[in-house]
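*Asks:* 3D, please:
(2 chains)
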Amino acid sequence: MKVVVIGGGPAGLAAARAAAGAGADTVLVDSEPTLGGQFHRGDPQRVDPRVRHLANSTVWAVEGMRLHVRTGPADSPSRTGETLNADAVVLATGAHDRVVPFPGWDLPGVYTAGAAQALAKGQKIAIGHRVVVSGTGPFLLPVAESLKAVGAEVLRICDANTGLGWLGRPRAASPAKLAELLGYAVRLGAAWRPRTAVVAAHGEDRVNAVTVAKLNPDWTIRSQERVAVDAVCVGHGFTPRLELAVAAGCVLTDGFVQVDHTGATSVPGWYAAGEVTGIGGADLAAAEGEVAGAAAARGACPTKALAKVRSGRRFAAALADAHPIRPGWHTWLTDNTLICRCEEVTYKDLRAAVDLEASGTRTFKLTSRIGLGLCQGRTCARAAVDIATALSGDRRTFFTPADLQRRPIATPLRLAELASLPEEDL
Amino acid sequence: MDVVVVGAGVIGAACADALSAAGLRVTVLDRGPLASGTSAAGEGNILVSDKEPGPELDLALSSLSRWPALVGDTDIEWDPKGGLVVATGDPAPLAHFAAVQREAGVDARWITPAEALEREPHLTTRVTAAVHYPQDAQVQPVLAAQALLSNVRRRGGVLRPGVTVVGLDARGVHTSEGVIACDHVVNACGPWSGEVSRALGAPIAIAPRRGMVLVTAPLPPTVHHKVYDADYVGAVASGDADLQTSTVVESTAAGTILIGSSRERVGFDESIRIRVLRELARKAVALFPSLADVPVMRAYGGFRPYAPDHLPVIGADPRVPGLWHATGHEGAGIGLAAATGALLAELLTGATPHLDPTPFRVDRPGVLECA
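*Replies:* Purely as a prediction, here's the structure:
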């Protein structure tokens, strides 16, 4: 029984441990040199010695239960390759920052929340001296705290929502979670501004000021003021990394991999855990990983972890409800606001594509060139499709979350690497 | 007269464009978004170089002269880059092919390997012979289809994406959104034309043949023409079910390099096959050794519509009055669309056809299937 776990964050680590514990021959494939994922950045984790850990490795393509892996630094000419034939796979590929675009978001000095935190935690570098943090969601709070810890002055923490959605869901949060939030409130409360947002960044070569707006509940602008800064940090929750799930044929629901209580996806033998199944934080991810790893290895169900999964998912649902992305952000954009940085596609270009009735993902990309560059739409495609859907008004559109994540080559590889694949790997 | 065109790819768009220009009231239906099937999965070739003398070459030459006028000032990334066909083995078959093409009116210029390397400095030095085809061009196929559909819209035609055709009778076309009354129906559903023809009660033998293309990261100008291996011609004309690949390498306006092309008969199976991608990569590196270290950014696949005798099907269905077909163009649909639309409109309105329609007729052997 061979179980391959993809992703070495909290979910993947727990899944690998559980699968190995259940007696499966377990391989953990992770793209980083050390284990731990985004959550444990700067604090490398260990894994059960029975697990074969493939560091610096990515699964670049999926054919049924066969996974094609490359190992070595991404830009190295001497990467090696292998093919893993799995009996079961646990997808724990996590999520990356979601950012809604605004005028000036492409200026140097504007960072995603994840990048700012990685710099602070991993390299003890502050992104600036005078920083505004903007976006929505509880993740902004630990990020602001990391920035303060490395010496940045956090002028504002702008959450475009109020976060009051919590109040209607008293069962959602555990006492530990409430205590954690209370701690942040005490330490950061003075800077926290509900229903505000950075709606523009200004500067020539680098950001030197931002426009901070008070927002209506739909995120349209009520009033605005200019604040001098030397860095901005933005985060609007997370986008799951779904290309491998889509390549494997897993059904998505509401933009996440659909799983049952054991983490089983719609495709036999494929399991998923962590942020790819819903944004819920590291504790939930670890519990989901433990359950999915055991299920993938056909081991006994860890009942304690399963209970954690159930309560954790209630928390995750409440979190999503309390921090929606409201369409008013479209009104922050100007004709020349860049939406796709790789291909330099502006808001005006998207409108032109909508005017040509480019109403499906593929035609929209080919018409506007959105998402055709090096990042393959990972940063911009979701925002672009939201814009296109809004601009289409009453006209029919055909965008699906799966289409946005359809990347049969999940990570780039050189032509020579592809050309030299040995016969036995095909 | 009212016409319903089923299929909003480049062939349907060209038919609708020509029909609306002839004064007919046109409605274009597509079960999905406009121009999202085969037209959104190809390289946008407008080629004469790969065609042997015969009816398809006549259609290609006619199309080549018609395309520019159809799109006017609209930017469809028209690039008259020219084709370069190179042989790395025995040059005799390529020489013969080019000679008969020249007799049929193709501008096919025999050049030396040294001249080929001057045109394409990154080409392998193993080239033994080369032919330059200045007439070959490329467009961005989705923009091209949209330009034609915009003409239709401007003339008062109606575009209805998201509408599926389920049948045809005296009242008109039955769709997922009710009956649309009309005098004529044009089946322009590309690889799905076989399925749609069955729904319309007049089955034709059009089947899908899958192709895959690799796309590299953007590069500074490296490949200037559409460059392909002389074995391409054999693959296009073959009906074998097995995988066939032949190297086709070209760059796009965005700087990416497209590497085609494979042909497989696997039905509508969309799953990726690494073996196919490996073959494409191998042959591309053999033709352009300096591309070895270039990253492949994505791969995409699509389905080409093919008829058993590899000729397009353009004309009236002899079994169902008012039903027409325009399909079966394989990987040449973008290039052949302009003349296909014109010919279909001429036949439908009773005008004199600008070229002989007989080779493309629907009731030729192998195309009609039993209902």
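*Asks:* going forward, measure contacts and count neighbours with C-alpha atoms only.
*Replies:* OK.
*Asks:* contact residues of the stretch 51-200 of chain A facing chain B?
*Replies:* Neighbours of chain B within the stretch 51-200 of chain A, by C-alpha under 8 Å from any C-alpha of the partner chain: A:62-63, A:77.
*Asks:* between those residues, which is nearest B:Thr358?
*Replies:* Among these, A:Glu63 lies closest to B:Thr358 (C-alpha to C-alpha), at 44.7 Å.
*Asks:* does that closest one touch A:Ala245 like I think?
*Replies:* No. Between A:Glu63 and A:Ala245 there is no contact under C-alpha atoms under 8 Å: 11.7 Å.
*Asks:* these two: who's more crowded?
*Replies:* A:Ala245 (27 against 16; other C-alpha atoms under 10 Å in any protein chain shown).
*Asks:* what strand or helix carries the more buried one?
*Replies:* Using DSSP states H and E, A:Ala245 maps to helix A:243-248.
*Asks:* ok, which stretches of chain A are helices?
*Replies:* Here chain A has its helices, by DSSP state H, at A:10-21, A:113-123, A:140-149, A:175-188, A:243-248, A:282-296, A:303-322, A:347-355, A:361-368, A:381-392, A:401-404, A:415-419.
*Asks:* mind telling me which of those the model trusts least?
*Replies:* Lowest mean pLDDT of the helices of chain A: helix A:175-188, a mean of 76.
*Asks:* got the contact list for that one?
*Replies:* For helix A:175-188, contacts defined as C-alpha atoms under 8 Å, 6 or more residues apart in numbering or on different chains pick out A:141-142, A:145.
*Asks:* okay, domains of the chain per the record?
*Replies:* Assuming you mean chain A. A:2-96+A:239-301, A:99-236, A:333-404 (automatic domain parsing).
*Asks:* switch to chain B, please.
*Replies:* B:2-71+B:140-206+B:309-360, B:83-134+B:208-306.
*Asks:* for chain A, find the nearest of those.
*Replies:* Closest approach to chain A among these (C-alpha to the nearest C-alpha): domain B:83-134+B:208-306, 4.1 Å.
*Asks:* please see if the closest one touches chain A.
*Replies:* Yes. Domain B:83-134+B:208-306 is in contact with chain A by C-alpha under 8 Å from any C-alpha, via B:217-218, B:271-275, B:277-282, B:285, B:291-300.
*Asks:* so where is the chain shaky, pLDDT-wise?
*Replies:* In the absence of a named chain, this looks at chain A. Applying pLDDT under 70 to chain A flags the ranges A:164-175.
*Asks:* you looked at the wrong chain, it should be chain B
*Replies:* Chain B contains residues with pLDDT under 70 at B:232-243, B:371.
*Asks:* tell me which residue is most central in it.
*Replies:* B:Gly333 (2.1 Å; C-alpha atoms, centre = their mean).
*Asks:* please identify which helix or strand holds that residue.
*Replies:* helix B:333-349.
*Asks:* quick one: buried residues of that helix?
*Replies:* Within helix B:333-349, the residues scored as buried using 16 or more other C-alpha atoms under 10 Å in any protein chain shown are B:333-348.
*Asks:* now do stretch B:38-45: everything it contacts.
*Replies:* The contact list for stretch B:38-45, computed with C-alpha under 8 Å, 6+ apart, reads A:362-363, A:366, B:9-10, B:136-142, B:145, B:190-191, B:213, B:258, B:300-304, B:331-335.
*Asks:* most tightly surrounded among the domains of chain B?
*Replies:* domain B:2-71+B:140-206+B:309-360 (a mean of 22; mean count of other C-alpha atoms under 10 Å in any protein chain shown).
*Asks:* in chain A, what residue is nearest chain B?
*Replies:* Per C-alpha to the nearest C-alpha, A:Arg414 is where chain A lies closest to chain B, at 4.1 Å.
*Asks:* and the closest residue to that residue other than its chain neighbours, backbone torsions?
*Replies:* Closest residue to A:Arg414 apart from its sequence neighbours, by C-alpha to C-alpha, 6 or more residues apart in numbering or on different chains: B:Pro295 at 4.1 Å. When read as degrees, to the nearest 10, the backbone of B:Pro295 gives phi -70, psi 140.
*Asks:* surely B:Pro295 meets B:Leu219?
*Replies:* No. Applying C-alpha under 8 Å, one finds B:Pro295 not in contact with B:Leu219, separated by 9.9 Å.
*Asks:* if we can go back for a sec, how about the domains of chain A, which one is nearest B:Pro161?
*Replies:* Of all these, it is domain A:333-404 that lies closest to B:Pro161, at 7.5 Å by C-alpha to C-alpha.
*Asks:* does the closest one reach chain B?
*Replies:* Yes. Domain A:333-404 comes into contact with chain B (C-alpha under 8 Å from any C-alpha), by way of A:356-360, A:362-363, A:366-367, A:373-374, A:376, A:396-398.
*Asks:* gap between the two ends of that domain?
*Replies:* Length of domain A:333-404, first residue to last, C-alpha to C-alpha, to the nearest Å: 22 Å.
*Asks:* how about stretch A:236-251?
*Replies:* Stretch A:236-251 stretches 24 Å from its first residue to its last (C-alpha to C-alpha).
*Asks:* what of stretch A:293-303?
*Replies:* Terminal-residue distance, stretch A:293-303 (C-alpha to C-alpha): 13 Å.
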